[in-house]
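**Student:** Kindly return the folded structure for what I paste below:
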Amino acid sequence: MKPSFSRKMQILFLLFMGSLLYSSSMTWAATTPTMIIEEAKFAIDQARRAGADKVALDDLMAAKSWLSQAEKEYEAKKGILSRFTSSDAKDQEIIYLGTMAKLKAQTAEAKAQKSTTLTSLKDSRRELADYQNAIEAMKKKLAEVQSARELRAKTEEERKILEEVRRKTAELEEQKKRELQDAQKRSAELEALKQKEIQASRLEESTRLAQKERELAEAKVKAEQMAAQQAKEGAELKAREERLAVERERLAALQKKAEALEKEKAMLGEAGKIPLAAVKPGDKEIVITILAINLFTPATEISDSGKKVLDQVGGFLRKHSAQKVVVSGHTDSTGSESTNRAVSEKRANKVREYLVAYQNVNPSQVTSEGLGPSQPVAQNATEAGRALNRRVEIAVQTGE
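**Tutor:** Next up, the predicted model:
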């Protein structure tokens, strides 16, 4: 286990103090009282400059105390009583006191430097934490960029899906057209078969009448058999005519359906020219979908861009004024059910009011409703999905 930083500093401090004691013992003999007192003063000044009076005040005060004793002894040595004591012993005492003052001052300086080093270390750690926070912020920004890329990819995928739907719609229309042509061909063949059967029936009837005139004198039994045969053939002819009537009704229904398809196709083409709107066919209706962001301001008022879109919608509805229209407001799932229901109703009413007031759409033609988040077209887990769910749908009937 590696020693902590504070433990390392303690070891270095002990080594430093040992070296000081060793150097002091080595130079003891060469030191004079005057020199040691000056060195102690210098050491105390250095400790004070290092900030020992803030972090090592006890050691600094002890150094000053030792220095004060050394100075008193030094002054006493100069006095009258100094002649009765050993000069060498007094010098050693002064040197000892001065050395202790110097050591205490150096100890205070070392502690001050240690505190400065710890403070510097804390600052370095704080700068490292700030750097790490900056790295985290950068990672978050990169994640947002990645999310934006995924949103663009999803939008592109949805565009491709829409193109595929349009392609399939075109194929369906082509198939319906072929079915109509086949029905018309079968109708023509049935009509030709009917004419052929009528001609054959008339010819056969003429032949029977001639035969009857020739055989009128034959027995009554043969006449009754002929009458029965005629009744049978009349029933068969009636049955064929009933089948032809059924075929005519089916052909008329197909013709009506083909006309409805042509009308729906034309309406889809016109509605597809409306900017910022998606158009899809429904069951006897076409649905024009406009995202809320393209229609409303944050206060749920019609925006300038929304007015341009609704002007196009109004022109389309006036052209097809005989059709019923339902305006439906939708929201995402954020917030309460009651709030979303109220927001969706307000959006639908705003669109209806604009179409009636500014585009002269017949008010009896248009109704509105708010469906809240009940009919999502995308997932509400992402912002892109919620944006697609915040929309207004204008359903225009294409048939009865």
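**Student:** need the next SSE after the helix or strand where Leu251 lies, C-terminal direction.
**Tutor:** Under the criterion of DSSP states H and E, Leu251 resides in helix 220-271. Counting by DSSP H and E, the element after helix 220-271 in chain order, helix or strand, is strand 278-281.
**Student:** What average pLDDT does that following strand get?
**Tutor:** Averaged across strand 278-281, the pLDDT comes to 94.
**Student:** Low-confidence ranges, the stretch 151-300 of the chain, go.
**Tutor:** 219, 223 (pLDDT under 70).
**Student:** can we see that at 90?
**Tutor:** 151-267, 271, 282-284 (pLDDT under 90).
**Student:** Spit out the contact partners of Glu71.
**Tutor:** When contacts are counted by CB atoms under 8 Å, 6 or more residues apart in numbering, Glu71 touches Ile37. Bear in mind the C-beta positions are built from the backbone N, C-alpha and C, glycine included.
**Student:** Tell me the spacing between it and Leu97.
**Tutor:** 9 Å (CB to CB, to the nearest Å).
**Student:** for Ala47, same thing?
**Tutor:** 17 Å.
**Student:** and if you look at Ala40?
**Tutor:** Counting by CB to CB, the gap from Ala40 to Leu97 is 9 Å.
**Student:** shared neighbours, the two?
**Tutor:** 66-67, 70.
**Student:** Confirm that Gly329 sits in a helix.
**Tutor:** No - read with DSSP: H, G, I helix; E, B strand; the rest coil, Gly329 is strand and lies in no helix.
**Student:** for it, what are its contacts?
**Tutor:** Contacts of Gly329 were listed using CB under 8 Å, 6+ apart, and they are 343-349, 351, 368-371, 392.
**Student:** Now, the residues you listed that are in strands?
**Tutor:** 368-370, 392 (DSSP state E).
**Student:** Highest neighbour count among these?
**Tutor:** Val392 (28 neighbours; other CB atoms under 10 Å).
**Student:** Does it touch Ala348 like I think?
**Tutor:** Yes - in this structure, Val392 is within contact of Ala348 by CB atoms under 8 Å, at 6.4 Å.
**Student:** who touches both of these two?
**Tutor:** Common neighbours of Val392 and Ala348 (CB under 8 Å, 6+ apart) are 327-329.
**Student:** Can I get those in a markdown table including distance to Ala387 and pLDDT?
**Tutor:** Below are these laid out as a markdown table (distance: CB to CB, whole Å; pLDDT from 0 to 100):
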| residue | distance to Ala387 | pLDDT |
| --- | --- | --- |
| Val327 | 20 | 97 |
| Ser328 | 17 | 97 |
| Gly329 | 15 | 97 |
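**Student:** Serialize those residues to JSON lines and add fields for distance to Lys160.
**Tutor:** Below are the shared contacts of Val392 and Ala348 laid out as JSON lines (distance: CB to CB, whole Å):
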{"residue": "Val327", "distance to Lys160": "29"}
{"residue": "Ser328", "distance to Lys160": "26"}
{"residue": "Gly329", "distance to Lys160": "28"}
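**Student:** which strands and helices sit next to the lengthiest helix in the chain?
**Tutor:** In terms of residue count, the longest helix belonging to the chain (DSSP state H) is helix 87-214. Counting contacts by 3 or more CB pairs under 8 Å, 6 or more residues apart in numbering; DSSP states H and E, helix 87-214 packs against helix 5-27, helix 33-49, helix 52-55, helix 57-77, helix 220-271, strand 278-281, helix 383-389.
**Student:** Brilliant, that's me finished.
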